[in-house]
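Engineer: I'll drop the sequence and a predicted model, then ask my questions.
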Protein chains: 2
Amino acid sequence: MTVLGPAAPRRLPYVAPLPLSAARLDPASLLGNWQELNAAATIPHCLENIRRTGVLENFSRLTEEPPPGKFEGFWFADSDLYKTLEAIGWEMGRSGTDQWAEVLSEVADLLERVQEPDGYLNTYVQGTAGKERFGHLEHSHELYCAGHLLQAAVALHRGGGDTRILAIARRVADLIVTVPLIDGHPEVETALIELYRETGEESYLSAAELQVERRGQRTLTGGFGPQYYQDHLPVREATEAIGHSVRQLYLAAGVTDLYLENGDESLLKAMEQLWDSAFGSKLYLTGGHGSRHRDEAYGDPYELPPDRAYAETCASIAALQWCWRMLLATGQARYAEEMERALFNAIAASMTTNGTAFFYSNPLQLRSGHDGSSEDAPSERLPWYACACCPPNLARLLASLHGYAATADGSGLQLHLLTAGTFSTDTLTAVVETGYPWDGDLVVTVSGHGELAIRVPSWATDATLEVTDAKVLVEPVPGAYVRVACEDGATVRLSLPMTPRLTRADERVDAVRGCVAIERGPLVYCVEQADLADDVLVEQLRLDASAPITEERTPDDLTPVRLRLGAVTRSLEAELYKAYQPDAQAGTAITVTAIPYHAWANRGPGAMRVWLPLN
Amino acid sequence: MTVLGPAAPRRLPYVAPLPLSAARLDPASLLGNWQELNAAATIPHCLENIRRTGVLENFSRLTEEPPPGKFEGFWFADSDLYKTLEAIGWEMGRSGTDQWAEVLSEVADLLERVQEPDGYLNTYVQGTAGKERFGHLEHSHELYCAGHLLQAAVALHRGGGDTRILAIARRVADLIVTVPLIDGHPEVETALIELYRETGEESYLSAAELQVERRGQRTLTGGFGPQYYQDHLPVREATEAIGHSVRQLYLAAGVTDLYLENGDESLLKAMEQLWDSAFGSKLYLTGGHGSRHRDEAYGDPYELPPDRAYAETCASIAALQWCWRMLLATGQARYAEEMERALFNAIAASMTTNGTAFFYSNPLQLRSGHDGSSEDAPSERLPWYACACCPPNLARLLASLHGYAATADGSGLQLHLLTAGTFSTDTLTAVVETGYPWDGDLVVTVSGHGELAIRVPSWATDATLEVTDAKVLVEPVPGAYVRVACEDGATVRLSLPMTPRLTRADERVDAVRGCVAIERGPLVYCVEQADLADDVLVEQLRLDASAPITEERTPDDLTPVRLRLGAVTRSLEAELYKAYQPDAQAGTAITVTAIPYHAWANRGPGAMRVWLPLN
């Protein structure tokens, strides 16, 4: 059975997604293991918390007349359920599980009973006295919530063969088609297009187009200002990433989806410019987006403080979804590389290894003594959040992650995420064996025949390629694809250098002046207080850039490769401001351990730095 | 006639304020000129805007039954009026003007008519259906507004001989005394103590004491968390500056006022520890407080980003008021030095030279292309704000500024703010002639006799002292007071070196690593885009710390002393992240102009930096 994955265009893109049924991640790989963990722990955890926090009760109370109690949680809490349903849909398609049949039936019953005859369905508006439907779309998230229902319905239909929730979603969509407004939180654009893809109903595509074209008319009012909602300029002119970062990135994914279906080149051009802004001057090294806690927003270009990075988990997920669509539209390696950066760093950091606690914000630095208790910047991952957008967003991403690894075109297969797994096109199947991201060797065994393309990351300056029963068409070049014409039984071995490297930022990134970060392969590393002696604070460290960095292999699954760095410790000073003296303070030489950024905060709260000052 | 100034303790402090009638700032001095400008422009501008924005109408509508229209503005808008009244009171005492007699009479009429029989007076609660008095004090600002009325009444009574508004304020205070709650926004503590000072009514002091002692019990709930309101710990334990910075600083001023009246040493000790936190690890070089836009709050220690400095004008004013009280309590020079830092930098920057446009937030850096239109961080000063706390706060400070310059004790006179002016104790009068802060020479002519103390700033490492008809008791030492025993007719000449100097921050201030700031005397300097060639961006500059800094005198009152710095310009780079190379990029040598920070943004919007990267 063919199971389509997320963002499967009807119009042939530059490269086409593989059906989910043609892609499998090795459960022993880092990404594949995540999918197993998601199925076993994260999805059940989401369901449990959705029930605990009253999200289901928000629906069931509306089946009584008058409804008992009151609406619980944030006014967009319906979306927590819908994102979890979407995760279940993809997971059913992935593993064939039917363990959630009962809850799906319960939910379908509820949705059918709560949905109004004209298709309207929103438990906050329906369940709160005095609320008028679509009366405050700048704030109400009604189309946002509806969008997540549409996406859930598509996933459940594709992955689980559901038709009941799909029918409910179609009735919702048939109503949305008639709404002459836009939502303060973009999301419905992509959702309408996915539903069009799944049903062939052209009016959903037209409605998505109207959502996109109406944006930028400054019709959304409210205290946040039009930039917050990306309603300050029409999408073809709004080429700076601005405002609430998740909204910006969901909108961009929707606009790119529209291009994929209607081929309007002016949309792609605008998205390429917007992408250059977001990824060229507003991106954290970890793949985080949004440098301001205030308004959860993008900052000015190069305003990238590591300590105050908001870097919401949802923003990195949204960025990945946008990059995937840009990749489908262009086939360019840079989009896949940014997916990888986000996945292995910001997104990987956002969840514990048991899959049931999460970061909402993903800073690149925590100071000694930091107390984040009054903000969404905790020092430890939390089991759930009052605004619970991130955990089920992770669940739906992870359940569909195999859909983002590879694509096909007329000539063959393209591997974008370097992971162990099996990927098939109509003419060939590639079995990838690798310990990536810990090891740089990929061995691909091909059955069938055709062209195999493998992405070479831009940091892989000395990659080497060996093939048997195959012809090299394009040699490895950083930031591009090697291309090999394979015969049946061919093997392709790509070796990427995993030498730890020092990375610096553009000098306009004031916040990390005089600092470097340590990377190895696609992984950003960090230094954590837990690895330092009791009398040395993270703040006292200065990296000795001339010292060699050595690797240390450990049996710890979370940090199988640690790095050992040469550094000095400096005394702390007494005065906040003092006369400048050109002579640097001397320090004491020590060796410190760095661990992958995504593994931080697993040994209790404590200080951490990605960017290390140079001695 | 003796006119008492702000914070005039009944119990004898370590050093005592001069009555306002015994202190006069030379109108030609920078500070004295501000007072003239305030009287001529800022106070009238405040009155005009208070009327325009409906603040007076909020009162007058309540004299009709039922009140027409609705309450306008923020729920604490009453305080805009009260702060302006306070400014008028001080200004009447300073200059003897009666130009505002009519408006004062109009306001007194309104307050009398609106005040309820039991003393309650708050136009938001009284004028909005369903609002319950003191029902949501975490949010409502009712005691905050009342506090500003009390302070206005004290100033009008001291400066203008008013008794009507004083009687209204006493009725308000008599009601507050019975309220068993605290306000989310501290302010009433200091206000009750000032009213106690003015009236001798002990119950006001007791009420202030209860306000202080009740704090820290976590009784204030709401989305912001207890730190925001400084309600997380009792004041004796809450020794880290935290939460909303204006609230923190007003609270600290109130606690210090309480110490001044009740002598409870445990309060002073806690305030000294809190002061070390605020001024030792959370202070901007300009005297700004509050590094986070989110919640307008203090950040972690050493979290001091120049671009995202919130540094609200009101916070620097509140800090000055607190430092003044700490100075009265201890006589220590460091408190006066921090008053000077704030006055000549953050506070001076917050107003245009015509006194009618204001910054709310005072960042130390603005990036090229910054668009602050969606935030309270504009690139230009604005005539007014929806939340109009800052302009009338400036007006009340400036009108009473002569009260903060000098003190007396049993032995003589202490000069804390180095400014031209005349200051008298019971036994001596000192006439100070100086072009400070532009010039470092102070010549003080003494009539009468007694001890004269003059503060030597901590940066004045080579100050020299010459006296005639006087005996030097303590030679000049940076960060302390010179002390001279004067005969009648004595002259004292203190010469402070005004050599421009480079200042660096503690290495834990990540945001300005590798940067220095330029200071000259008490003034922080900055480089502004307006002084650079069109093809050089502020972001391209690197300071050559080895090059001499030269002075340029100009006829411009705003920037009479500019500085010329050696620098290089560097090319901008193309990639956000790249491999670190130890070789620095070469640059082109140029000379750039620096102007005082407080003079920035007077030539249209543009980029600016206080902290300059070193080459």
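Structural biologist: Cool, got the structure.
Engineer: how about stretch A:40-60: buried residues?
Structural biologist: Within stretch A:40-60, the residues scored as buried using 16 or more other C-beta atoms under 10 Å in any protein chain shown are A:41-47, A:49-50, A:53-60. Using the backbone N, CA and C atoms, a C-beta is placed for each residue, glycine as well.
Engineer: What parts of the stretch 151-300 of chain A come near chain B?
Structural biologist: Residues of the stretch 151-300 of chain A lying near chain B by C-beta under 8 Å from any C-beta of the partner chain: A:224-228, A:243, A:279-281, A:283, A:285, A:292-295, A:299-300.
Engineer: re earlier: which of the buried residues of stretch A:40-60 fall in strands?
Structural biologist: Among the buried residues of stretch A:40-60, the subset assigned to strands under DSSP state E is empty.
Engineer: Filter the residues you listed down to just the ones in helices.
Structural biologist: The helices, defined by DSSP state H, take in A:43-47, A:49-50, A:55-60 from the buried residues of stretch A:40-60.
Engineer: ok, those vs residue B:520, which is closest?
Structural biologist: Nearest to residue B:520 among those: residue A:49, at 58.8 Å, using C-beta to C-beta.
Engineer: So which residues of the stretch 401-550 of chain A form strands?
Structural biologist: Remark: strands assigned in the stretch 401-550 of chain A by DSSP state E, counting those that start in this stretch are A:406-409, A:412-415, A:421-424, A:428-434, A:441-448, A:450-456, A:464-474, A:480-495, A:501-505, A:515-520, A:523-528, A:541-543, A:550-553.
Engineer: got TSV for those strands, with mean pLDDT too?
Structural biologist: Converted to TSV, the strands of the stretch 401-550 of chain A look like this (pLDDT from 0 to 100):
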stretch	mean pLDDT
strand A:406-409	97
strand A:412-415	98
strand A:421-424	98
strand A:428-434	98
strand A:441-448	98
strand A:450-456	98
strand A:464-474	98
strand A:480-495	98
strand A:501-505	97
strand A:515-520	98
strand A:523-528	98
strand A:541-543	97
strand A:550-553	96
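Engineer: Out of the ones you listed, which is closest to chain B?
Structural biologist: strand A:501-505 (3.9 Å; C-beta to the nearest C-beta).
Engineer: who touches the closest one?
Structural biologist: With contact meaning C-beta atoms under 8 Å, 6 or more residues apart in numbering or on different chains, strand A:501-505 is reached by A:285, A:304, A:459, A:512, A:515-520, A:545, A:611, B:576-580.
Engineer: Direction-wise, compare that strand with strand A:523-528 and give the angle.
Structural biologist: Counting by axes from the mean of the first three to the mean of the last three C-alpha atoms, to 10 degrees, strand A:501-505 points 90 degrees away from the direction of strand A:523-528.
Engineer: Just give the strands next to strand A:501-505 in its sheet, each with its orientation.
Structural biologist: Its sheet considered, strand A:501-505 pairs with strand A:515-520 (antiparallel), strand B:577-579 (antiparallel) by DSSP bridges.
Engineer: pull the CA atoms of the longest one into CSV?
Structural biologist: Same thing as strand A:515-520. Backbone C-alpha positions of strand A:515-520 (Å, rounded to 0.1, in the frame of the first residue of the first chain) are rendered in CSV as follows:
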residue,chain,number,x,y,z
CYS,A,515,33.8,33.5,20.6
VAL,A,516,33.8,30.3,18.6
ALA,A,517,31.5,27.4,18.7
ILE,A,518,32.7,23.8,18.3
GLU,A,519,31.0,21.6,15.7
ARG,A,520,31.6,18.0,14.7
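Engineer: surely residue A:279 meets residue A:338?
Structural biologist: Yes. Between residue A:279 and residue A:338 there is a contact at 5.8 Å, judged by C-beta atoms under 8 Å.
Engineer: near chain B, which residues of the stretch 451-600 of chain A show up?
Structural biologist: Selection of the stretch 451-600 of chain A residues close to chain B by C-beta under 8 Å from any C-beta yields A:501-516, A:539, A:545-546, A:570, A:572-573, A:575-580, A:582, A:585.
Engineer: which of the residues you listed count as buried?
Structural biologist: Listed as buried from these are A:501-516, A:539, A:545, A:570, A:576-577, A:580; burial here means 16+ other C-beta under 10 Å.
Engineer: which SSE is the closest residue to residue A:183 other than its chain neighbours in?
Structural biologist: Leaving aside its sequence neighbours, residue A:183 sits nearest to residue A:143 (C-beta to C-beta, 6 or more residues apart in numbering or on different chains; 3.6 Å). Following DSSP states H and E, one finds residue A:143 within helix A:142-160.
Engineer: Residue A:483: neighbour count?
Structural biologist: 18 (other C-beta atoms under 10 Å in any protein chain shown).
Engineer: ok, back up a step: quick one: which of the residues of the stretch 151-300 of chain A next to chain B sit in helices?
Structural biologist: Among those, the members falling in helices (DSSP H) are A:279-281.
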